[in-house]
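*Asks:* Give me a 3D structure for the following:
(chains A and B)
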Number of protein chains: 2
Amino acid sequence: MKYANIKNIDAKSGSFSLSNFKSNSSSFLFAISYTETATIPGLTIAGANTELIKFTPAADAEYIHYGRCRCIDSIPATPDGKPTPAIITKTALELANIPITIIDSGLAVKPILPHIDINSTFGRNIAVEKALELKDVMENYEMGRLIGKQVSKNNDLLIIGESIPGGTTTALGVLLLLGYDAYNKVSSSMPHNPHQLKNKIVEKSMLKSGIKFGDHQYDPFNAISHLGDPMMPTVLGMVQEILSSNKKVILAGGTQMCCIVALLKSLNIRFNNNLCIGTTSYVVNDAESSLDGLLNQIADDVPILYSDLGLDSSTKAGLRSYSEGFVKEGAGAGGATIAAYLKEQSITQKIFLHELEKNYSATIEKPIS
Amino acid sequence: MKYANIKNIDAKSGSFSLSNFKSNSSSFLFAISYTETATIPGLTIAGANTELIKFTPAADAEYIHYGRCRCIDSIPATPDGKPTPAIITKTALELANIPITIIDSGLAVKPILPHIDINSTFGRNIAVEKALELKDVMENYEMGRLIGKQVSKNNDLLIIGESIPGGTTTALGVLLLLGYDAYNKVSSSMPHNPHQLKNKIVEKSMLKSGIKFGDHQYDPFNAISHLGDPMMPTVLGMVQEILSSNKKVILAGGTQMCCIVALLKSLNIRFNNNLCIGTTSYVVNDAESSLDGLLNQIADDVPILYSDLGLDSSTKAGLRSYSEGFVKEGAGAGGATIAAYLKEQSITQKIFLHELEKNYSATIEKPIS
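*Replies:* Have a look, this model is predicted:
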């Protein structure tokens, strides 16, 4: 069994047992970052237009805190108005009273709320130049370790989500440099995944730098420096320290989180049944990407957990679109939902959908001014 | 009984019971700020010279994390080399494995480590101009509330410390505006407390602004805006939310923390035996200030807890100086020690002093390069 539907709390995969992840002291860490790679036309719809994309990570964080945004007047959405998955994250964290910590892991636009500053630069466009200087990669990694050390002290379970538009393309790049066949497997916020564009960007960049598939198998930091983004080293450092404190981690996301697993592997980090990926059924069932095809190459002891939110039966068109291949995941939505179920097992799919639609009505249909 | 020596864990004061503060999920929040008031000659020795004073809060935070500083080459110290009280804080938090969160509540120099950014400006010199714009006071207060809300979810006890050179003078100013006789009562990092200078600064400033003693009794935000500093509204907001979540707070500090109690009072916040001041015996026994004389005017349901660190018997001259009237408290040292005792009751004065001296040898006598 590779996948476990979260509603089966007794799910086991080899020696991994989901019931061990039940926790009253879980905390959500939300790493938000920016890479100029997101400005490449056609790559992402995580923003109503190219100019707004750089606001999306900060706006996601603000939306989760306030139910509205402060750095922009609107709520992050696709060009045709499909709302950010942060609405799912918000609903989940509120229902289960799980605290959130926002981490600025390299932004172009800062959120107007308390957030952890690690003095990170944002990532450069990998189609044009190196993603990050190696020293900046190392600094984010060290800052991530410091964060991981502190959050492990009073928490048993850490759920780590991310928001970085363009992040699946940088994930593709790093996975290739680490020696994994990630072609046509990374996810997308669009129903039609622009794999050809992503492949072309990464291959051109590799050609230009004279690096090949698998060249950085044992050098994750240089892989990130060449083709990655600033979210990766921070999350890598955090997870490493949390696992070394023998605490549990849900990597809340899709194929980008596979890339984190690959980075951990390349550092020889032991998982000890304390690590899983938590996502939505919309990523797991996506025909245009392959979370499973990726993770199978990387690790056989990291289960994929998913929650089925039942959005196909929502009365809200914006939420139904998730089940039609749009957005699908992001802002740690799937993992946050799983954490909420694990903490408050009274939460049913019906209760969750009801709360989600209430939030949708209050903040998307009638935005608070 | 007003004071309780922390080693008496069964201490009670009215309906306040110290044993209720025992907690396995305590967390230390360290608000670090800067006010240009600290540049007034003769006011503070929290730094080897005037130029270095602005580095002290960031350097204190770095020292606690790394055992060395990154924003400066040395360890914060008085001009003649008496080390920062952050060494006590560091020892306490490490002994009891209590996590720390650094909050940049208005700095001139940022620490090189993960810290919460609330987008605060630093304070202006109250001898020359208004401390802060009212809108900035309100924004810090709101940010503090957001922080307080999140930290209350997974913690039962929050210890709040501060590092802001010149902070006793701004505390004096705000206490007077709130209608408390704070003349000659606030503490100092020097054995001879420059009360006359502090009084003169505050009185001149009040005269210039046309405001009088007690004018802002019910308007704490304007009191801070006129004569306060940016640490105050953030800590005020945090404590308010933590108390409203029915969690416990140790205000870790001396007379500056009395000012926070006064601000809470002026907002009509109920304490419900969940609030105390935690400090060192060196503040409590200081003949040049009066923590008791201040707090008696403000609240009769906020006990002062203190720890006697026994530094008079230390083999290290820099630590012995604390018992001779230098430094005395700061960086939440007293409160952090109390929290350590509350969490790990196996810690005796002897064990603590031994660890403290070990840290002193490793980081002050032989600084790690």
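*Asks:* where along the stretch 51-200 of chain A do the strands fall?
*Replies:* Along the stretch 51-200 of chain A, the segments classed as strands by DSSP state E, counting those that start in this stretch run A:100-104, A:115-117, A:157-163.
*Asks:* So which of the ones you listed is nearest B:Ala362?
*Replies:* strand A:115-117 (27.7 Å; CB to CB). Placement of C-beta: from N, CA and C, glycine included.
*Asks:* any idea how far A:Ala317 lies from A:Ile364?
*Replies:* According to CB to CB, to the nearest Å, A:Ala317 and A:Ile364 sit 11 Å apart.
*Asks:* before we move on, back to that, pick the most deeply packed of the strands of the stretch 51-200 of chain A.
*Replies:* strand A:157-163 (a mean of 29; mean count of other CB atoms under 10 Å in any protein chain shown).
*Asks:* Spatially, which residue comes closest to A:Leu52, not counting chain neighbours?
*Replies:* Using CB to CB, 6 or more residues apart in numbering or on different chains and skipping residues adjacent in sequence, the residue nearest A:Leu52 is A:Ile72, 6.8 Å away.
*Asks:* isn't there a strand covering A:Thr279?
*Replies:* Yes. The assignment for A:Thr279 is a strand, going by DSSP: H, G, I helix; E, B strand; the rest coil.
*Asks:* and the stretch 1-150 of chain A, which residues reach chain B?
*Replies:* Contact residues, the stretch 1-150 of chain A versus chain B (CB under 8 Å from any CB of the partner chain): A:25, A:27, A:65, A:97-101, A:103-104, A:110, A:112-119, A:143, A:146-147, A:150.
*Asks:* how about low-confidence regions in chain A?
*Replies:* Counting by pLDDT under 70, chain A has low-confidence residues at A:1-14, A:366-369.
*Asks:* Select the longest helix from it.
*Replies:* Counting residues, the longest helix found in chain A (DSSP state H) is helix A:134-154.
*Asks:* still on that earlier bit, export the strands of the stretch 51-200 of chain A to JSON lines and tack on distance to A:Asn49?
*Replies:* Output for the strands of the stretch 51-200 of chain A, formatted as JSON lines (distance: least, CB to CB, whole Å):
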{"stretch": "strand A:100-104", "distance to A:Asn49": "23"}
{"stretch": "strand A:115-117", "distance to A:Asn49": "25"}
{"stretch": "strand A:157-163", "distance to A:Asn49": "17"}
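*Asks:* ranges for the strands of the stretch 201-350 of chain A?
*Replies:* For the stretch 201-350 of chain A, strands defined by DSSP E, counting those that start in this stretch occupy the ranges A:248-252, A:275-280, A:304-307.
*Asks:* So for chain B, which of these sits nearest?
*Replies:* For the strands of the stretch 201-350 of chain A, the distance to chain B is smallest for strand A:248-252, at 14.4 Å, taking CB to the nearest CB.
*Asks:* residues making contact with that closest one?
*Replies:* Defining contact as CB atoms under 8 Å, 6 or more residues apart in numbering or on different chains, one finds that strand A:248-252 is touched by A:20-21, A:23, A:28, A:156-162, A:235, A:239, A:242-243, A:257, A:260-261, A:274-279, A:305, A:332-336, A:338-339.
*Asks:* and that strand with strand A:275-280, angle?
*Replies:* Angle, strand A:248-252 to strand A:275-280, by axes from the mean of the first three to the mean of the last three CA atoms, to 10 degrees: 30 degrees.
*Asks:* Tell me which strands strand A:248-252 pairs with, and in which orientation.
*Replies:* Using DSSP bridges, the strands paired with strand A:248-252 in its sheet are strand A:157-163 (parallel), strand A:275-280 (parallel).
*Asks:* Not counting the shortest one itself, show me its contacts.
*Replies:* I take that to be strand A:275-280. The contact list for strand A:275-280, computed with CB under 8 Å, 6+ apart, reads A:6, A:16, A:21, A:88, A:159, A:239, A:243, A:248-254, A:257-258, A:261, A:264, A:291, A:295, A:301-309, A:322, A:328-329, A:333-335, A:337-339.
*Asks:* What subset of these is buried?
*Replies:* Buried by 16 or more other CB atoms under 10 Å in any protein chain shown: A:6, A:16, A:21, A:88, A:159, A:239, A:243, A:248-254, A:257-258, A:261, A:264, A:291, A:295, A:301-309, A:322, A:328-329, A:333-335, A:337-339, out of the contacts of strand A:275-280.
*Asks:* mind listing the helices for the stretch 201-350 of chain A?
*Replies:* Under the criterion DSSP state H, counting those that start in this stretch, helices of the stretch 201-350 of chain A are mapped to A:220-227, A:231-244, A:255-266, A:281-284, A:291-298, A:317-320, A:333-343, A:349-359.
*Asks:* Go through the ones you listed and pick out the most buried.
*Replies:* Most buried of those, by mean neighbour count (mean count of other CB under 10 Å): helix A:333-343, with a mean of 29.
*Asks:* So what's the gap between that one and the chain middle?
*Replies:* 14 Å (CA atoms, centre = their mean, to the nearest Å).
*Asks:* Determine if any part of it is in contact with chain B.
*Replies:* No. Using CB under 8 Å from any CB, helix A:333-343 stays clear of chain B, with a minimum separation of 10.9 Å.
*Asks:* and that helix, what does it pack onto?
*Replies:* strand A:26-32, helix A:86-96, strand A:157-163, strand A:248-252, strand A:275-280, strand A:304-307 (3 or more CB pairs under 8 Å, 6 or more residues apart in numbering or on different chains; DSSP states H and E).
*Asks:* Quick check: which of the ones you listed is nearest to A:Met190?
*Replies:* Evaluated over the helices and strands packed on helix A:333-343, closeness to A:Met190 peaks at strand A:275-280, with 15.6 Å, by CB to CB.
*Asks:* got the angle for the closest one vs helix A:255-266?
*Replies:* Taking the same axes, to 10 degrees, one finds strand A:275-280 and helix A:255-266 inclined to each other by 170 degrees.
*Asks:* how far does strand A:275-280 sit from the chain's center?
*Replies:* Distance, centroid of strand A:275-280 to centroid of chain: 10 Å (CA atoms, centre = their mean).
*Asks:* Looking at the helices of the stretch 201-350 of chain A, which is nearest to A:Pro57?
*Replies:* Shortest distance between A:Pro57 and the helices of the stretch 201-350 of chain A, using CB to CB, is found for helix A:231-244: 9.2 Å.
*Asks:* Quick check: buried residues in stretch A:134-151?
*Replies:* A:136-151.
*Asks:* residues touching whichever residue of the stretch 151-300 of chain A sits closest to chain B, list them.
*Replies:* In the stretch 151-300 of chain A, the residue found nearest to chain B is A:Lys153; the distance is 4.0 Å by CB to the nearest CB. Contacts for A:Lys153 (CB under 8 Å, 6+ apart) come out as A:245, B:27, B:97-99.
*Asks:* how does it look with 10 Å?
*Replies:* Shown in contact with A:Lys153 (CB atoms under 10 Å, 6 or more residues apart in numbering or on different chains): A:245, A:247, B:25-27, B:93, B:96-100.
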